[in-house]
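**Student:** quick one: sequence and predicted model below, then my questions.
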Amino acid sequence: SKGEYRHYMLKEIFEQPKVIEAALEGRLSASSVLVESFGPEAQALFQKARQVHIIACGTSYHAGLVARYWLERYAGVPVQVEVASEYRYRHPVVPEGTLFVTLSQSGETADTLAALRFAKTLNYVGSLAICNVPGSSLVRESDMSLMTRAGPEIGVASTKAFTTQLIALMLLTLSVSKAKGQPAQPEIIGALQALPALCQQVLGLDRQIEVLSQAFAEKHHALFLGRGAHYPIALEGALKLKEISYIHAEAYPAGELKHGPLALVDSEMPVISVAPNDDLLEKLKSNLQEVRARGGQLFVFADQKVGINSQDDIHVLELPNVHEALAPLLYTLPLQLLSYHVAVLKGTDVDQPRNLAKSVTVE
Ligand code: F6R
């Protein structure tokens with residue numbers, strides 16, 4: 001049941017500290033990931049993996065895009081990420097030693113399942129399903145699986161399923177990294193353990209985000225910006241907003257602004273950006289200046305140390321400091337809350353958006 005919450009989506013957003021903890025439970029040692037979490041064959045398969053292909057749809061695809069940044073940076077393994085509906089009708093070239101990974105909340109998404117069946121006819125070293133539903137078709141038909149343990153997700157807009165997929169993908173990154181003999185990342189393990197409490201802290205911004213959401217209720221468009229692993233987080237923020245509030249939203253890597261989308265920016269175009277304290281921060285800040293110079297209204301979720309202050313045309317909400325690797329997880333939360341509150345203000349059916357189904361079992 002929804003309990004004290006007005007919608008399942010809000011309940012599921014607030015469950016994230018708990019389900020992130022569940023997704024980590026029994027899968028970490030003091031300084032590394034227990035590779036056996038992926039099953040008995042995982043160690044051997046990860047050692048063989050010279051590259052990774054990740055296939056998914058929608059929000060799950062966005063999780064895959066984040067994982068590309070992680071796997072290349074921390075495991076040194078080249079990664080391709082693609083939506084299942086494209087992949088399954090291409091003629092993909094599969095280099096020797098490629099691991100096939102699917103991501104799916106339901107494990108029944110028709111295109112993702114078809115992509116797995118197609119991949120089995122190609123020369124992959126093996127397949128891994130990261131999934132929220134034990135016993136689903138995707139899990140049954142894959143060589144290995146890792147459950148995301150988000151619990152049932154009722155709201156059509158995926159929230160906790162996404163963040164727990166990110167946890168699973170960080171576990172995958174660290175496991176592949178270890179199998180490939182890369183240096184251990186004990187500080188990421190520590191940061192993972194601290195993450196549920198940090199998420200709880202960010203959920204405390206709910207009331208402030210609700211106030212902020214008023215600026216969007218009358219708008220017809222919104223632009224989301226991010227850089228690096230936060231570009232997919234911007235994509236996810238835009239998807240959430242369009243799905244449940246029906247506001248047209250687009251996401252761009254901030255560095256692409258001047259290659260086109262800057263032409264759209266005026267006072268009627270709110271621009272939402274996530275600004276964690278990473279090595280792309282200075283670049284992002286100058287992109288934000290480009291928006292301000294065009295009269296755009298900026299809404300920035302920023303690390304407390306970033307030092308961007310609220311002014312007439314820029315609204316800043318501060319997030320606690322987090323290990324750079326895990327920032328994409330933390331910065332997802334305020335974007336979920338923002339789209340939730342905008343949808344509530346607009347009076348849309350938050351849990352059952354028009355034209356959408358929770359599980360897309362037909363092509
Ligand atoms: C968006 C959303 C969809 C799903 C997509 C894939 O909020 O929920 O984009 O992510 O339909 O579904 P799964 O993960 O079940 O394969």
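**Tutor:** In hand now; what should we look at?

**Student:** interface residues of the chain facing the ligand?
**Tutor:** With CB under 6 Å from any ligand atom as the criterion, the chain meets the ligand at residues 57-60, 104-106, 109, 112, 157-158, 239, 243, 359-360. All C-beta atoms are positioned from the backbone trio N, CA, C, and that covers glycine.

**Student:** now the strands for this protein?
**Tutor:** 51-56, 79-83, 98-104, 126-131, 144-147, 221-226, 248-253, 270-275, 297-303, 314-319 (DSSP state E).

**Student:** nearest to Leu281, out of those?
**Tutor:** Checking the strands of the chain against Leu281 by CB to CB gives strand 270-275 as the closest, at 6.4 Å.

**Student:** which residue is nearest the centroid of this structure?
**Tutor:** Ranked by distance to the mean C-alpha position of the chain (CA atoms, centre = their mean), the top residue is Ala63 at 4.0 Å.

**Student:** helices along the stretch 151-300 of the chain, start to end?
**Tutor:** Listed from the start of the chain, the stretch 151-300 of the chain has helices (DSSP state H, counting those that start in this stretch) covering 160-179, 186-203, 206-213, 230-245, 281-293.

**Student:** put together JSON lines for those, with mean pLDDT and mean neighbour count on each row.
**Tutor:** Shown next, in JSON lines, are the helices of the stretch 151-300 of the chain (pLDDT from 0 to 100; neighbours: other CB atoms under 10 Å):
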{"stretch": "helix 160-179", "mean pLDDT": "98", "mean neighbour count": "26"}
{"stretch": "helix 186-203", "mean pLDDT": "98", "mean neighbour count": "18"}
{"stretch": "helix 206-213", "mean pLDDT": "97", "mean neighbour count": "17"}
{"stretch": "helix 230-245", "mean pLDDT": "97", "mean neighbour count": "26"}
{"stretch": "helix 281-293", "mean pLDDT": "85", "mean neighbour count": "16"}
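
**Student:** ranking helices and strands of this protein by mean pLDDT, which lands last?
**Tutor:** Counting by mean pLDDT, DSSP states H and E, the chain has its least confident helix or strand at helix 281-293, which shows a mean of 85.

**Student:** and the angle from it to strand 248-253?
**Tutor:** If you take axes from the mean of the first three to the mean of the last three CA atoms, to 10 degrees, helix 281-293 sits at 140 degrees to strand 248-253.

**Student:** separate out the buried members of the residues of the chain next to the ligand.
**Tutor:** 57-60, 104-106, 109, 112, 157-158, 239, 243, 360 (16 or more other CB atoms under 10 Å).

**Student:** reformat those residues as a markdown table; add distance to Val350.
**Tutor:** Formatted as a markdown table, those follow (distance: CB to CB, whole Å):
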| residue | distance to Val350 |
| --- | --- |
| Cys57 | 21 |
| Gly58 | 17 |
| Thr59 | 16 |
| Ser60 | 20 |
| Ser104 | 23 |
| Gln105 | 18 |
| Ser106 | 19 |
| Thr109 | 22 |
| Thr112 | 25 |
| Ala157 | 8 |
| Ser158 | 13 |
| Leu239 | 15 |
| Glu243 | 10 |
| Val360 | 19 |
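
**Student:** and which of those is nearest to the ligand?
**Tutor:** Taking CB to the nearest ligand atom as the measure, the ligand lies nearest Gly58 of those, at 1.9 Å.

**Student:** re the thing from before, deepest in the core, which of the strands of the chain is it.
**Tutor:** strand 98-104 (a mean of 28; mean count of other CB atoms under 10 Å).

**Student:** which residues outside that strand are in contact with it?
**Tutor:** Here strand 98-104 makes contact (CB atoms under 8 Å, 6 or more residues apart in numbering) with 45-46, 48-57, 60-61, 63-64, 84, 112, 115-116, 119, 123-132, 136, 138, 142, 165, 169, 172.

**Student:** strand partners (parallel or antiparallel) of that strand?
**Tutor:** The strands beside strand 98-104 in its sheet (DSSP bridges) come out as strand 51-56 (parallel), strand 126-131 (parallel).

**Student:** could you export it as CSV, CA atoms only?
**Tutor:** In CSV, the C-alpha atoms belonging to strand 98-104 read as follows (Å, rounded to 0.1, in the frame of the first residue of the first chain):
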residue,chain,number,x,y,z
THR,A,98,32.7,-9.5,-25.2
LEU,A,99,30.4,-9.8,-22.2
PHE,A,100,26.7,-9.1,-22.9
VAL,A,101,24.7,-7.3,-20.2
THR,A,102,21.0,-6.5,-20.1
LEU,A,103,19.4,-4.2,-17.6
SER,A,104,15.7,-4.4,-16.8
